[in-house]
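Chemist: what's the 3D shape of this:
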Amino acid sequence: MDAERLERQMNFIVEIDKVKQVLRQTSVIAGDRYENDAEHSWHLAVMAILLAEYAEGASIDIFKVLRMVLVHDLVEIDAGDTYCYDEDAALDKLERETRAADRIFALLPDDQGRELRALWDEFEEAATPEARFANALDRLQPLLLNYHTNGQSWQKHGVTSDRVVKRARPVADAIPGVWDYAARLIEDAVDKGILEK
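Modeler: Numbers count the residues shown, from 1 in each chain. Got it, this is the predicted structure:
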């Protein structure tokens with residue numbers, strides 16, 4: 001056994017526990033508190049398992065997607081959550097998250113650090129079928145939570161339906177069979193008055 005390797009792995013495991021403290025702007029469906037990044041990542045992983053059959057081409061590497069969705073928000077331990085509709089905060093998001101990725105993934109043994117960093121980079125670039133699918137799930141999940149909390153964070157931040165459609169657009173490309181469902185939710189949210197036109 002390589003004691004140094006194990007020590008670095010354990011240090012990483014302890015460090016990423018902090019992701020449970022990173023609060024997002026979306027409430028859990030019960031509506032009584034904000035979701036944290038760990039809950040979000042877990043939710044995406046389950047969604048990936050269930051919705052893989054709808055992925056464009058349907059020949060994605062689901063294990064790769066699972067690893068991607070489980071590590072994609074670890075950078076927010078340092079960078080914090082950037083609300084997807086906050087245009088000012090988005091200006092330096094990549095810089096903050098890249099710095100965080102450099103630090104966090106470097107805690108691991110070199111081979112594992114490179115592997116997880118590569119997954120994070122792939123997610124950010126959204127160029128592969130797996131990354132496009134993972135990104136689409138990342139856009140769909142908050143839409144579901146917002147819809148089922150009567151638009152709680154949409155209303156709090158004055159988000160309009162055109163912005164939600166634009167944000168959710170990757171769903172149409174990567175999970176076309178689910179896009180109609182998502183579009184109906186958006187339309188219904190407008191009809192119910194929980195999302196501004």
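
Chemist: Residue 106: what's its closest spatial neighbour, skipping adjacent residues?
Modeler: residue 113 (5.6 Å; C-beta to C-beta, 6 or more residues apart in numbering). (Glycine included, C-beta is placed from N, CA and C.)

Chemist: Then residue 33?
Modeler: In this structure, residue 33 finds its nearest non-sequential neighbour in residue 27, 6.6 Å apart by C-beta to C-beta, 6+ apart.

Chemist: returning to that earlier point: can I assume the residue nearest to residue 106 is in contact with residue 107?
Modeler: Yes. Counting by C-beta atoms under 8 Å, residue 113 touches residue 107, with 7.2 Å between them.

Chemist: Any idea which residue is closest to the centre of this structure?
Modeler: Nearest residue to the geometric centre of the chain (C-alpha atoms, centre = their mean): residue 138, 3.8 Å.

Chemist: How about the contacts made by that one?
Modeler: By C-beta atoms under 8 Å, 6 or more residues apart in numbering, the contact set of residue 138 is 44, 69, 72.

Chemist: helix/strand/coil for residue 29?
Modeler: Here residue 29 is recorded as coil under DSSP: H, G, I helix; E, B strand; the rest coil.

Chemist: Tell me which residues touch it, please.
Modeler: Applying C-beta under 8 Å, 6+ apart to residue 29 gives the contacts 145, 148-149.

Chemist: just these now: which is nearest residue 175?
Modeler: Residue 175 has its nearest neighbour among those in residue 145, at 17.1 Å by C-beta to C-beta.

Chemist: Please, which helix or strand holds that closest one?
Modeler: helix 129-148 (DSSP states H and E).

Chemist: List the buried residues of that helix.
Modeler: Buried positions in helix 129-148, judged by neighbour count with 16 or more other C-beta atoms under 10 Å: 129-147.

Chemist: Please apply the same query to stretch 154-171.
Modeler: Of the residues in stretch 154-171, 154, 159, 163-164, 168, 170-171 count as buried by neighbour count, 16+ other C-beta under 10 Å.
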